[in-house]
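J.: How does the following fold in three dimensions:
(chains A, B, C, D, E and F)
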Protein chains: 4
Amino acid sequence: MGRKKVLTKEDVFTVTGEVLREEGLHGVHFKNISNRLDVGRSTLYEYFSNKDELLLAYMKQLMKEMNDKVDDIEEDLPPNRKLYRLLLVLLEHAQLHQIDRMIRDLQSSDKHAAMFYRDELHIDLMKTYDLMQKWIEEAKQTGIWKTTIDSSLIGDLIFHSILFPNRERLGVEQMADQLFEMIEYGMEDRS
Amino acid sequence: MGRKKVLTKEDVFTVTGEVLREEGLHGVHFKNISNRLDVGRSTLYEYFSNKDELLLAYMKQLMKEMNDKVDDIEEDLPPNRKLYRLLLVLLEHAQLHQIDRMIRDLQSSDKHAAMFYRDELHIDLMKTYDLMQKWIEEAKQTGIWKTTIDSSLIGDLIFHSILFPNRERLGVEQMADQLFEMIEYGMEDRS
Amino acid sequence: MGRKKVLTKEDVFTVTGEVLREEGLHGVHFKNISNRLDVGRSTLYEYFSNKDELLLAYMKQLMKEMNDKVDDIEEDLPPNRKLYRLLLVLLEHAQLHQIDRMIRDLQSSDKHAAMFYRDELHIDLMKTYDLMQKWIEEAKQTGIWKTTIDSSLIGDLIFHSILFPNRERLGVEQMADQLFEMIEYGMEDRS
Amino acid sequence: MGRKKVLTKEDVFTVTGEVLREEGLHGVHFKNISNRLDVGRSTLYEYFSNKDELLLAYMKQLMKEMNDKVDDIEEDLPPNRKLYRLLLVLLEHAQLHQIDRMIRDLQSSDKHAAMFYRDELHIDLMKTYDLMQKWIEEAKQTGIWKTTIDSSLIGDLIFHSILFPNRERLGVEQMADQLFEMIEYGMEDRS
DNA sequence: GATGAATGAGTATTCATTCAT
DNA sequence: GATGAATGAATACTCATTCAT
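T.: Numbering: from 1, shown residues only, chains lettered A, B, ... in the order given. Sure thing, here's the model as predicted:
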């Protein structure tokens, strides 16, 4: 009964991610997305009642995906290993870096709902950030890492490494390895 | 002797920078800028023939300012000192980080001109970037830094540190110190 | 300095009134209005920042006009004369009857502002309504009018007489006369 | 024997009436109606080939219902009694007042058919209206009512009384009684 | 020079209606 | 019959840009 679906929310998310990567937030509009999906513009409104809802849903899904991976990190690893694993997860979810920008731009007509989701997203994001801070402190307290450098500075560095353009050239794994090597032992030649 | 000038390009740049910092690229439009300057919207067209031109001019000016400071770095310092100085300059020109984004978003109606400026800007940006790479290589070749870590990764790290939100909390100098301490000696506790 | 105005708010109000009378609230949209005024659709946004604002402004102006006339009624007339005068004013401002409908339909995206104006308008409207009730009671208490008929029923009758389609045929004055004759002495043939 | 009917035209009419009363003409769209009926939107098209047809059918049914009641009024009553009875019927069919508005808004894609129905409806409406006029004239000619007041003015008054907001407060019967008392004997205190 | 006014082109959104199962 | 899905056409609104004084 009813026509066959030519579209799923997943399809829309996929294209949204593509657009985000290729054209930035600026390029995320229903015309663009519907063109790429080769469906009518209004069809998208059957799936998402407005642009903000699409963005929010996309972000939540991304966030969830990432949080699940973060939750998979075994708690009893040494803190620096945990941080390495966290870095890997972050690098694998590079679109994430746009979320911060998006959150700021959110302007749903339904202000109330927008605020709600906005806060919820922020909380999710902060949870990961705080976890990272906790592990950094742990590394310091267990004497693995030195205490003279500001924890949030390291945090920012790890967090923002998803922006590095060379990510694509080196590949996620190699980049994580080298970056972590540098974070732990520095560039000084001790040989 | 004609009407008194009510506006200079400098004024426009100042406000553009403000907007960029407060509202992001999204907030940069002539309506907004002319409101803040308390002039008519169309007046801006006496100074810049379109929005892209304003942005390009703003970026070039920013770039020039920074390049001048970079040129002040004495060439005969040891490479790691030069890199430290470069990091300081970068941190002092935080608006710069928006240039990357802007370059990507540039989509003038006059594609041709846009391309031209875009490339020109890229050249300016690359000059600094290449200089940084050169100094990193120098540090490696003189045995100060190890060779196992990709040079462009370090470059990215230095370059993107201007994005760190904690910049304002720590202050530019302290942030540069700590960051460079980490880059050179790592987080490992050797005490 | 600046281009000559081809449009005033008054022009827009005039056409809005026309549309309202000819096509009803349904026909009030910027495309329609701008077509009739022979200006670009977006030009209207220079005068009213959105559709609701136009409607609100139109209603307020209408209301003000009428309230001013109502205020001109001398307080020391006998109550039935005052009511007669009120009826005349109402009949002269027939567009008013759309306000009630509009108020109900108001659904600005800016809920807050909409509520504000809505209440404000309602207050204006109620002021007139209450004044009418007061005068009706006065007529009853001074023994001019009988007390067996609900005051608000008379009020409704007077107020809704602006809806009568035959208004134009009879002319405002004659209609007021006849209507008031009926209100006071009824249809019964006492000759 | 096919699928069980989940819907009848009657159901649709009932809901249409509800919507009309609660949200006004503005709220009458297939999305709304199908939601309230808990059926698919397109299902309605099995019953009515478009929105106008639904509205027309609804109006005709309403009109028929009312006309039947009007036909029940015994022709040999005195004219003022017949008018009282007519007033009662009108007050019981308050949705009727929207018909006027609807008729004006009718814009079927099939202009021809729309015109046809529109005229047909108008005829029905006018039949009642004319009947009312006839009885008013009758009252005048039999010396019950005075002749100095325009018949259509009385007609309009009776017809538009269905709009009075106080109808709900007073109840249909009491309102009819008081209104008719006033129409016949006026507000003058003759005690 | 400066600017108020006008506008065109582009995006967001809603809703009646058609299509395919 | 019933309906889920898709869509086109219409309106709301924003902003860069041009025009005339």
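
J.: pLDDT value on the most centrally placed residue in chain A, please?
T.: Nearest to the geometric centre of chain A sits residue A:96, at 2.4 Å (CA atoms, centre = their mean). Predicted confidence (pLDDT) for residue A:96: 74.

J.: Just want to check the distance between the closest residue to residue A:148 other than its chain neighbours and residue A:144.
T.: Among residues not flanking residue A:148 along the chain, residue B:181 sits closest, at 7.1 Å (CB to CB, 6 or more residues apart in numbering or on different chains). (C-beta placed from N, C-alpha, C; glycine too.) For residue B:181, the distance to residue A:144 (CB to CB, to the nearest Å) stands at 17 Å.

J.: Please apply the same query to residue A:34.
T.: 51 Å.

J.: cool, and residue A:158?
T.: 16 Å.

J.: and the host helix or strand of residue A:120, does that touch chain B?
T.: Using DSSP states H and E, residue A:120 sits within helix A:111-141. Yes. Helix A:111-141 reaches chain B (CB under 8 Å from any CB of the partner chain) through residue A:139.

J.: Which positions in that helix come out as buried?
T.: Under the neighbour-count criterion of 16 or more other CB atoms under 10 Å in any protein chain shown, helix A:111-141 has A:114, A:117-118, A:121, A:124-125, A:128-129, A:131-132, A:135-136, A:138-140 buried.

J.: now that helix and helix C:111-141, what's the angle there?
T.: Interaxial angle of helix A:111-141 relative to helix C:111-141 (axes from the mean of the first three to the mean of the last three CA atoms, to 10 degrees): 140 degrees.

J.: What helices and strands are in contact with helix A:111-141?
T.: helix A:51-71, helix A:79-92, helix A:97-105, helix A:151-160 (3 or more CB pairs under 8 Å, 6 or more residues apart in numbering or on different chains; DSSP states H and E).

J.: out of the ones you listed, nearest to residue D:63?
T.: For the helices and strands packed on helix A:111-141, distance to residue D:63 was read as CB to CB. The smallest value, 43.0 Å, belongs to helix A:51-71.

J.: now check that closest one, is it near chain C?
T.: No. Using CB under 8 Å from any CB, we find that helix A:51-71 stays clear of chain C, coming within 13.1 Å at best.

J.: ok and that helix relative to helix A:111-141, angle-wise?
T.: In terms of direction (the same axes, to 10 degrees), helix A:51-71 departs from helix A:111-141 by 20 degrees.

J.: Residue A:34 and residue A:144 - which one has more neighbours?
T.: residue A:34 (19 against 16; other CB atoms under 10 Å in any protein chain shown).

J.: Test my guess that that one contacts residue A:46.
T.: No. Judged on CB atoms under 8 Å, residue A:34 makes no contact with residue A:46 at a distance of 11.3 Å.

J.: Residue of chain A closest to chain B, please.
T.: Proximity of chain A to chain B (CB to the nearest CB) peaks at residue A:186, 3.2 Å away.

J.: which residue packs closest to that residue, ignoring adjacent ones?
T.: With CB to CB, 6+ apart as the criterion, residue A:186 has its nearest non-adjacent residue at 3.2 Å, and that residue is residue B:186.

J.: For that neighbour, give me its contacts.
T.: For residue B:186, the contacting residues are A:182, A:183, A:184, A:185, A:186, A:188, by CB atoms under 8 Å, 6 or more residues apart in numbering or on different chains.

J.: so what pLDDT did it get?
T.: pLDDT at residue B:186 comes out at 93.

J.: ditto for residue A:115
T.: 67.

J.: ok, residue A:163 to residue A:184 distance?
T.: Relative to residue A:184, residue A:163 is positioned 21 Å away (CB to CB).

J.: Get me the contact residues on chain A for chain D.
T.: residue A:2.

J.: tell me, how many neighbours does the closest residue to residue A:187 other than its chain neighbours end up with?
T.: Once flanking residues are discounted, residue A:187 sits nearest to residue B:145: 4.3 Å by CB to CB, 6+ apart. Neighbourhood size, residue B:145 [other CB under 10 Å]: 24.

J.: just residue A:54 next, same as before
T.: Per other CB under 10 Å, the neighbour tally for residue A:54 reads 22.

J.: so who does it touch?
T.: By CB under 8 Å, 6+ apart, the neighbours of residue A:54 are A:12, A:16, A:28, A:30, A:33, A:44, A:47, A:48.

J.: Of those, which one scores lowest on pLDDT?
T.: Among the contacts of residue A:54, residue A:28 has the weakest pLDDT, 89.

J.: contacting residues around that residue?
T.: A:16, A:19, A:20, A:51, A:54, A:55.

J.: Same check on residue A:11?
T.: Counting by CB under 8 Å, 6+ apart, residue A:11 touches residue A:37.

J.: What's the separation between it and residue C:144?
T.: In terms of CB to CB, residue A:11 sits 76 Å off from residue C:144.
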